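Undergrad: What follows is a protein structure lacking sequence information:
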DNA sequence: CTCCTTGCAAATCTTTTGCAAGTTT
DNA sequence: AAACTTGCAAAAGATTTGCAAGGAG
């Protein structure tokens, strides 16, 4: 069976790009931290652990390239940095995020919750949807429990 | 009847802030460009037209303050800048956006399309939703028509 | 050789901050 | 006077770019 990195390599090749060692190191970090919503800086630091000679600009250039090829999705949670999420293979749509405003935890929702909403938007606004971004801000269950406990003891 | 700016003034006062001339000038620009998704820089330039003595830092500080009071919502469309949208009065939730990837047009959707989705998220993920951001990227009807015409003449 | 890619440093862009001066109460 | 607010300039942080050098075909 073909590995994930092999397939990404092919995606690069079919767009006339090479999978250089630097690009491979970057992709590997993304694969190893799929759930982590890394910033460019985060990726850079992790890449550097194994390949100290790689420069920050190269990481930025690679992430830009991967975004262009839709291997990753660039997301912005409202803090000043862009974050990069590997697109799940075969995923027609980008997944959604829950951000806890108390503890900052980010949870992913893979379910496509927007099917019905998208039908409405395409019909009523005559808008051909290509991609979406859905983020909920709120309080995760862990923080809800913390608050409940505090209320009892206060 | 009470003006929009009067109500914003009260919101400021109830949080112990003043509606200084600088803040008023900034709010007025936002009111006059409700549909425009202005960046901080945009707001600054428009404010400067009428009040040239106002500094960029003050505009940033005012926008931050208004965001905190939920008079405006800070949004990020993925280009490097934050944009500021006046929150509709009485709107329980933030409105949604359609961004055309051909012409860059941004359309607003005021309808709350997410009621059902939010119920599911609150129930299945035990997540208490406080706010949301929903952006669709795609092709607006105008650009769809352009493409259709080109196909015919090609 | 030619084209692509990289590393480094410098540049750019957005946003924040320190601080002295001005305002309001 | 005490607290808040402002303008300016400097600082900070994220990202991009110029360029000379390295590497693959």
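TA: Perfect, I can see it now. Since this is a predicted model, take the numbers as computed values, not measurements.
Undergrad: only C-alpha atoms for contact and neighbour calcs from this point on.
TA: Fine.
Undergrad: Report all helices and strands that the helix or strand of chain A with the lowest mean pLDDT contacts.
TA: The weakest-scoring helix or strand in chain A, judged by mean pLDDT, DSSP states H and E, is helix A:141-153 (a mean of 78). On a contact count with 3 or more CA pairs under 8 Å, 6 or more residues apart in numbering or on different chains; DSSP states H and E, helix A:141-153 meets no helix or strand.
Undergrad: distance between it and the chain's centre?
TA: 30 Å (CA atoms, centre = their mean, to the nearest Å).
Undergrad: Which positions within that helix qualify as buried?
TA: A:143-144 (16 or more other CA atoms under 10 Å in any protein chain shown).
Undergrad: what do you get for stretch A:42-55?
TA: So for stretch A:42-55, counting by 16+ other CA under 10 Å, buried means A:43-48, A:54.
Undergrad: Please narrow the residues you listed to those residing in helices.
TA: Within the buried residues of stretch A:42-55, residues falling in helices by DSSP state H are A:43-48.
Undergrad: In TSV, list the residues you listed along with distance to residue A:96 and pLDDT.
TA: Shown next, in TSV, are those (distance: CA to CA, whole Å; pLDDT from 0 to 100):
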residue	distance to residue A:96	pLDDT
A:43	21	97
A:44	25	97
A:45	26	96
A:46	25	97
A:47	26	96
A:48	29	95
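Undergrad: Which pLDDT value does the model give the spatially most central residue of chain A?
TA: Note on chain A: the residue nearest the mean C-alpha position is residue A:85, at 1.7 Å, using CA atoms, centre = their mean. With respect to pLDDT, residue A:85 has a value of 93.
Undergrad: Now the element after the one helix or strand it maps to, going C-ward?
TA: Here residue A:85 sits within strand A:82-86, counting by DSSP states H and E. Sequence order places strand A:96-100 as the next helix or strand after strand A:82-86, per DSSP H and E.
Undergrad: From the chain's centroid, how far away is whatever helix or strand comes next after that following strand?
TA: Counting by DSSP H and E, the element after strand A:96-100 in chain order, helix or strand, is strand A:106-109. Chain-centre distance of strand A:106-109: 10 Å, with CA atoms, centre = their mean.
Undergrad: Quick one: list the elements packing against strand A:106-109.
TA: strand A:96-100.
Undergrad: For the strand it packs on, which strands pair with it and how are they oriented?
TA: strand A:106-109 (antiparallel), strand A:128-139 (parallel) (DSSP bridges).
Undergrad: quick one, what contacts the one residue in chain A that gets nearest to DNA strand C?
TA: Taking CA to the nearest atom of the strand, DNA strand C has its nearest neighbour within chain A at residue A:54, 3.3 Å off. Applying CA atoms under 8 Å, 6 or more residues apart in numbering or on different chains, we find residue A:54 in contact with A:22, A:47-48.
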